[in-house]
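>>> following is a predicted model, sequence given first.
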Amino acid sequence: MPELIYSLAGKRVYVAGHRGMVGSAIVRRLASEGCEILTATRAEVDLRRQDQVEAWMSENRPDAVFLAAARVGGILANATYPADFLYDNLVLQANVIHAAHRANVEKLMFLGSSCIYPKFADQPIVEDSLLAGSLEPTNEWYAIAKIAGLKLCQAYRKQHGRDFISAMPTNLYGPGDNFDLGSSHVMPALIRKAHEAKINRQQEICIWGTGTPRREFLHVDDCADACLHLMKTYSAESHVNVGSGEDISILELTRLVSKIVGFKGKITRDLGKPDGTPRKLLSVDKLRTLGWSPKIGLKEGIADAYHAFLDGHCLERSNGQSDISFERAKTSALHAPTHSPVAHHPRG
């Protein structure tokens, strides 16, 4: 077992983005850690406003911070709102990280994304692949912001000795996901498409591109568990990949989702739409060495995500634009020790 180097017990722990999919899962997981959970709604503190962030951090003095707030979305959202994705993510993460430094926060975890890696990185993708090639153009705005965030954490570690670490999750799904077809990622989009096709008795559903790209998926509750594990056992400059270590083609995923949802029609492909990155599988050797592995299988996880969708435990964005992920979310059917209140296309 890895050595416990930072205990969350008795700490004041701030979760930035606590109403998003990842943030709400972290809040649920923290419920069993014996810590005081700090949260703030957007009405209380707009993370894009430096003065508000620094004032809140100075007043509340958290011991630890999970930075899970972000503007998120799939290929369509990235292409439609590039300035929003780049600006909002750059500003909010810089504000939180700098304010954490000024408030002498003991430990901070920055949550990034596997889209930071080059489009044609060797598979599985190791952490050292960062900046070794060109990004996937369909989501470079988000990726550049996330790269800047992890580099900022490294910079504060180098210059000020701050224990700021970064985790790079693979494609996440589960309760609290965004099911709006204009801004969602592939998993929630497929669940919604298959469900609506079933209830409307449609004969087919259509997916973007060829269906051959392969993607890795991790249930958000597993991600939250991994994040807490890293917070307690890891302290180094390099970021750490967080994933399942297994991937599946989009076409195979569509078939699996259809089976779980109960849609029995035909699956067609729109070859005029982009595929995104051909394959994106993370190397999770570093995470495994630290003693963590996922507990939720893909079939079980998809069933949980579908039940969450049916129960309304999701983010719905009717304007086609993803919003910063501290807006609204629900609890998970799989790993919710308490009911704590708590962010479609293949992402590259």
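Received the coordinates, thanks. Numbers count the residues shown, from 1 in each chain.
>>> just the buried residues of the helix or strand where residue 37 lies, please?
Assigned by DSSP states H and E, residue 37 belongs to strand 36-38. By 16 or more other CB atoms under 10 Å, the buried positions in strand 36-38 come out as 37, 38. Where C-beta positions appear, they are placed from N, C-alpha and C, glycine not excepted.
>>> what lines up beside that strand in the sheet?
According to DSSP bridges, strand 36-38 has the following sheet partners: strand 12-16 (parallel).
>>> report the distance from the strand it pairs with to the chain centre.
17 Å (CA atoms, centre = their mean, to the nearest Å).
>>> likewise for stretch 292-310?
15 Å.
>>> same question, stretch 128-136
With CA atoms, centre = their mean, you get 19 Å for stretch 128-136.
>>> for that stretch, which positions count as buried?
Judged by neighbour count using 16+ other CB under 10 Å, the buried positions of stretch 128-136 are 129, 130, 135, 136.
>>> which one among the residues you listed gets closest to residue 95?
residue 130 (23.2 Å; CB to CB).
>>> hmm, residue 2 is touching residue 291, no?
Yes: between residue 2 and residue 291 there is a contact at 4.5 Å, judged by CB atoms under 8 Å.
>>> for these two, list the residues in contact with both.
Common contacts of residue 2 and residue 291 (CB atoms under 8 Å, 6 or more residues apart in numbering): residue 233.
>>> what about the helices in the stretch 51-200 of the chain?
Using DSSP state H, counting those that start in this stretch, the helices of the stretch 51-200 of the chain run over 75-80, 82-102, 140-160, 186-199.
>>> rebuild those helices as JSON lines, extending it with mean pLDDT.
Shown next, in JSON lines, are the helices of the stretch 51-200 of the chain (pLDDT from 0 to 100):
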{"stretch": "helix 75-80", "mean pLDDT": "80"}
{"stretch": "helix 82-102", "mean pLDDT": "97"}
{"stretch": "helix 140-160", "mean pLDDT": "97"}
{"stretch": "helix 186-199", "mean pLDDT": "95"}
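>>> residue 205 is nearest to which of these?
helix 186-199 (4.8 Å).
>>> still on that earlier bit, out of the helices of the stretch 51-200 of the chain, which gets nearest to residue 69?
Short answer: helix 82-102, nearest of those by CB to CB, at 5.8 Å.
>>> go through the closest one and flag the buried ones.
So helix 82-102, judged by 16+ other CB under 10 Å, has buried residues 84-86, 88-101.
>>> and the angle for it with strand 12-16?
170 degrees (axes from the mean of the first three to the mean of the last three CA atoms, to 10 degrees).
>>> centre of the chain to helix 82-102, how far?
Using CA atoms, centre = their mean, the offset of helix 82-102 from its chain centre is 16 Å.
>>> got the angle between it and helix 140-160?
20 degrees.
>>> need the contact partners of helix 82-102.
Contacts for helix 82-102 (CB under 8 Å, 6+ apart): 16, 47-50, 53-54, 56-58, 62, 65, 67, 69-71, 73, 77-78, 108, 110, 141-142, 144-146, 148-149, 152-153, 156, 160, 162, 164, 321, 324.
>>> since that was my last question, I'll sign off now.
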